[in-house]
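1. Please find the sequence and the predicted model below.
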Amino acid sequence: MGWCGSSVTGFNWVLPTTAQFMAQFFRDFPYAPSTDPNNLNYVTSQDITNAITEANINFNPALGFPDLTSAQTAFLYLSAFYLAYNLQTALKGVSSGSSFPLQSSSVGSVSTSFAIPEKYMRDPYINMLAQNRYGMTYLSMVLPYLRGNINSAWGTTTAT
């Protein structure tokens, strides 16, 4: 996206590294052991790099984050969303398809249901992010910056 090193945010945006991703989500993913880093039975550095690359396409650090740490944390959650999404897709292989989140389900006498907010259902990007908890956490971090950003400026106007 071209934001790296940009000071449009009030801080210099620096793309988080694979090591920062692994430190943030140390309990969440089964990372490949250092003795076998390309073992595809685990999450590899390449998987994380791919997720970071995808997140970078859709992330705007100039949303109003107060500092680099806050922006990077939100970015890492978006990266985790893409990593989980990519792993789920990879498990299904070439026959994987896209589906909307389930609203209700029942088996025998047991049923469960939940309502998806209308604004999530209507927006394809938000709908996609709502498919796992990393995407929902990312949304909870960025939605406040997407609403009602108002800045005031001191000064006067002169009428002619």
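-> Cool, the structure landed.
2. Report pLDDT for Val8.
-> Confidence at Val8, expressed as pLDDT, is 53.
3. now Val94
-> The model's pLDDT for Val94 equals 65.
4. where are the low-confidence patches of the protein?
-> For the chain, the stretches flagged by pLDDT under 70 are 1-9, 94-104, 113-116, 148-153, 160.
5. Please give the element, helix or strand, for the residue nearest the centre of it.
-> Residue closest to the mean C-alpha point of the chain, counted by Cα atoms, centre = their mean, is Leu78 at 1.5 Å. Assigned by DSSP states H and E, Leu78 belongs to helix 68-92.
6. now what about that helix, what contacts it?
-> Applying Cβ atoms under 8 Å, 6 or more residues apart in numbering, the external contacts of helix 68-92 come out as 9, 11-16, 20-21, 24-25, 28-29, 43, 47-48, 50-52, 54-56, 58-59, 61, 63, 65, 96, 128-129, 131-132, 134-135, 137-138, 141-142. In short, each C-beta sits where N, CA and C put it, glycine included.
7. Now with 6 Å, please.
-> 11, 16, 21, 24-25, 51-52, 54-55, 59, 61, 65, 96, 132, 134-135, 137-138, 141-142 (Cβ atoms under 6 Å, 6 or more residues apart in numbering).
8. Buried by neighbour count: which residues of the helix or strand hosting Ala19 qualify?
-> Counting by DSSP H and E, the element that carries Ala19 is helix 18-24. Using 16 or more other Cβ atoms under 10 Å as the test for burial, helix 18-24 gives 18, 20-21, 24.
9. Reformat the residues you listed as CSV; add distance to Gln72.
-> Below are the buried residues of helix 18-24 laid out as CSV (distance: Cβ to Cβ, whole Å):
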residue, distance to Gln72
Thr18, 13
Gln20, 7
Phe21, 10
Gln24, 9
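10. related to what we said a few turns ago, sitting in helices, which of the contacts of helix 68-92 do you find?
-> 21, 24, 51-52, 54-55, 134-135, 137-138, 141-142 (DSSP state H).
11. Can you tell me which of those residues is closest to Thr112?
-> If you rank those by distance to Thr112 using Cβ to Cβ, Gly135 comes first, at 20.6 Å.
12. need the contact list for the closest one.
-> 81, 129.
13. Can you tell me how far it is from Ala71?
-> The gap separating Gly135 from Ala71 is 17 Å, by Cβ to Cβ, to the nearest Å.
14. Repeat that for Leu139.
-> As judged by Cβ to Cβ, Leu139 and Ala71 stand 15 Å apart.
15. All set, thanks.
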